[in-house]
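J.: Just to be clear, the model below is a prediction. Sequence and coordinates:
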Amino acid sequence: MELRTNIAGIELKNPLMPASGPLVGSYEKMMAIADFGVGCMVGKTISIKGAEVPRPCIIANNNSIMNAELWSEYPLDYWIYHILPALRRDLHIPLILSVGYTKEDMEVLIPALDEYCDAFEVSTHYVGKDLSLIGETVSTITALTKKPVFMKISPHIPDPVAFAKVVQQNGAKGIVAINSLGPTMKIDAAKRKVLVGNEEGELWTSGPAIKPVALAIINKIKMAMPEFTVIGVGGIESAVDVVEFLLAGADAVQMLSAAMLKGKDLYEKILRELPEVLTKLEFASVEEVINTPLQKGKVKYDPSYPAVDKEKCTLCGICQRVCPYFAITVAESVQVDCSKCFGCGLCESRCPVKALTGAL
């Protein structure tokens, strides 16, 4: 199975890479992740000064990570003298360095880091929503390097397409979509306190929970700018997720939070399973997935009612409990009252054994 892909002229042996964050904050960490077979490496965001990080700083549930970390705890000088030379020598896949945050920071960071990487990723989390300021920042960066620059979009940007057009006009070669959601908060009712957070009790949320937001923003940008490189990030936890992101418009993908939730070897697991998933979905290559149009827009307004496969149905009753139209009853069998059913599709999506079909 052919897994290769291309991001702004950089050839990758496969589309999976880590996202910037705790797992890629040192030489040892990045080399360990590289050993799982990823196609590209991304470093933790570097700024001039090291970040002062509150402790504890990370908390998780089943489908998300909430994180109070900022950028790298190591300053620029530490990266240059203690991490990057060895990484450049020993890492045999492309390296994207994440940098932040202001235009003035970039004037120092980009020249200092240029020799160590194949591309730059720039987070705009703390730059704000002003597109003119973002455009100036991109222009400053692209004037200082010939390497591709990928701008990472925050989900709070009101118009993702306008953002993408501004950064393209100022020399960026692509978008990384999306950054974490926030601010968010985690409260412990018994302790009457915020468990983890900054001085305001705030964190940023990432992981599988934000996947639907990421897919929508990626697709919106790709539909408006089909030739612009998009690196998808935000919620990937399986090989099927990788395919979904590629269908939405991504040219490659990043994953971090799911590896923190399920274990760092998830990179290896996804890459092992990706060829089988592609074959099952009748794709011959990653490139074919990327080039496959995503079907959408065929909206109908007349309801289709769910049919029940009695051989699959376990009479668990979930469909009855969740139906917002009170149209389903479960006794000796599942009965759908079509005079009440709205054809919304919720029951079909919640059935654990896929015994309901026809509404979606």
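T.: Yep, that arrived. Residues are numbered from 1 along each chain as shown.
J.: which residue ranges form the helices in this structure?
T.: 27-34, 76-78, 84-90, 103-113, 131-142, 160-169, 211-224, 239-248, 257-262, 266-280, 286-290, 318-322, 346-350 (DSSP state H).
J.: Which stretch among the ones you listed approaches Phe150 most closely?
T.: Of all the helices of the chain, helix 160-169 sits nearest to Phe150, with 8.9 Å by Cβ to Cβ. For every residue, glycine as well, the C-beta is placed using N, CA and C.
J.: so what's Ala355 up against?
T.: Ala355 sits next to 308-310, 312-314, 334 when contact means Cβ atoms under 8 Å, 6 or more residues apart in numbering.
J.: So which of those wins on neighbours?
T.: Using other Cβ atoms under 10 Å as the neighbour test, the contacts of Ala355 are led by Val334, with 23 neighbours.
J.: I'd say that one and Ile318 touch.
T.: No: with contact defined as Cβ atoms under 8 Å, Val334 does not reach Ile318; the gap is 10.3 Å.
J.: can you count the residues close to Pro75?
T.: 14.
J.: That one: what's its closest spatial neighbour, skipping adjacent residues?
T.: Gly50 (4.3 Å; Cβ to Cβ, 6 or more residues apart in numbering).
J.: same deal with Glu273?
T.: Per Cβ to Cβ, 6+ apart, closest to Glu273 is Ala239, 4.2 Å.
J.: Residues in contact with stretch 299-318: which ones?
T.: Against stretch 299-318 from outside (Cβ under 8 Å, 6+ apart): 330, 332-334, 336, 338, 341-343, 345, 347-348, 350-359.
J.: Quick one: low-confidence residue ranges for the stretch 251-360 of the chain.
T.: In the prediction, the stretch 251-360 of the chain carries no residues with pLDDT under 70.
J.: 80 instead, please
T.: 359-360 (pLDDT under 80).
J.: repeat for the stretch 1-150 of the chain
T.: Using pLDDT under 80, the flagged stretches of the stretch 1-150 of the chain are 125-128.
J.: which residues in it form strands?
T.: Ranges of strands in the stretch 1-150 of the chain, per DSSP state E, counting those that start in this stretch, are 5-7, 10-12, 16-18, 41-42, 58-60, 65-67, 95-99, 119-123, 149-153.
J.: what helices or strands is the third one leaning on?
T.: Counting contacts by 3 or more Cβ pairs under 8 Å, 6 or more residues apart in numbering; DSSP states H and E, the secondary-structure elements packed against strand 16-18 are strand 41-42, strand 252-255, helix 266-280.
J.: Val24 reaches Met31, doesn't it?
T.: No: if you go by Cβ under 8 Å, Val24 and Met31 don't touch, sitting 10.1 Å apart.
J.: Same drill for those two, tell me which one is more crowded.
T.: Taking neighbours as other Cβ under 10 Å, Val24 and Met31 compare with Val24 leading, 23 against 14.
J.: OK, contacts around that one?
T.: Going by Cβ under 8 Å, 6+ apart, Val24 touches 18, 30, 33, 41-44, 256.
J.: do that again at 10 Å, thanks
T.: Contacts for Val24 (Cβ atoms under 10 Å, 6 or more residues apart in numbering) come out as 17-18, 30, 32-34, 41-45, 72, 96, 98, 256.
J.: cool, and Thr229?
T.: Here Thr229 is in contact with 6-10, 119, 148, 150, 168, 172-176, 222, 250-252 (Cβ under 10 Å, 6+ apart).
J.: From these, list the buried ones, please.
T.: In terms of neighbour count (16 or more other Cβ atoms under 10 Å), the buried residues within the contacts of Thr229 are 7-8, 10, 119, 148, 150, 168, 172-176, 222, 250-252.
J.: rewinding a little: in strands, which of the contacts of Ala355 appear?
T.: 308, 334 (DSSP state E).
J.: Only the buried subset of the contacts of stretch 299-318, as a PyMOL command please.
T.: Buried residues within the contacts of stretch 299-318, by 16+ other Cβ under 10 Å, are selected in PyMOL with:
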select buried, resi 330+334+336+341+343+347+348+351+355+356+359
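J.: Around Leu91, how many other residues sit close by?
T.: Neighbours of Leu91 (other Cβ under 10 Å): 17.
J.: Test my guess that it contacts Ala32.
T.: No: in this structure, Leu91 is not within contact of Ala32 by Cβ atoms under 10 Å, at 11.5 Å.
J.: Please identify every residue contacting each of these two.
T.: In contact with both Leu91 and Ala32: no residue, using Cβ under 10 Å, 6+ apart.
J.: picking that back up, and the helices and strands packed on strand 16-18: which comes nearest Leu215?
T.: strand 252-255 (11.2 Å).
J.: okay, how far is it across stretch 231-243, tip to tip?
T.: 13 Å (Cα to Cα, to the nearest Å).
J.: Could you pull up the mean pLDDT of that stretch?
T.: Rounded to a whole number, the mean pLDDT of stretch 231-243 is 98.
J.: For that stretch, buried residues please.
T.: 231-239, 241-243.
J.: List the contacts of Ile114.
T.: No, residue 114 isn't Ile; it's Asp. 97, 120, 144-147.
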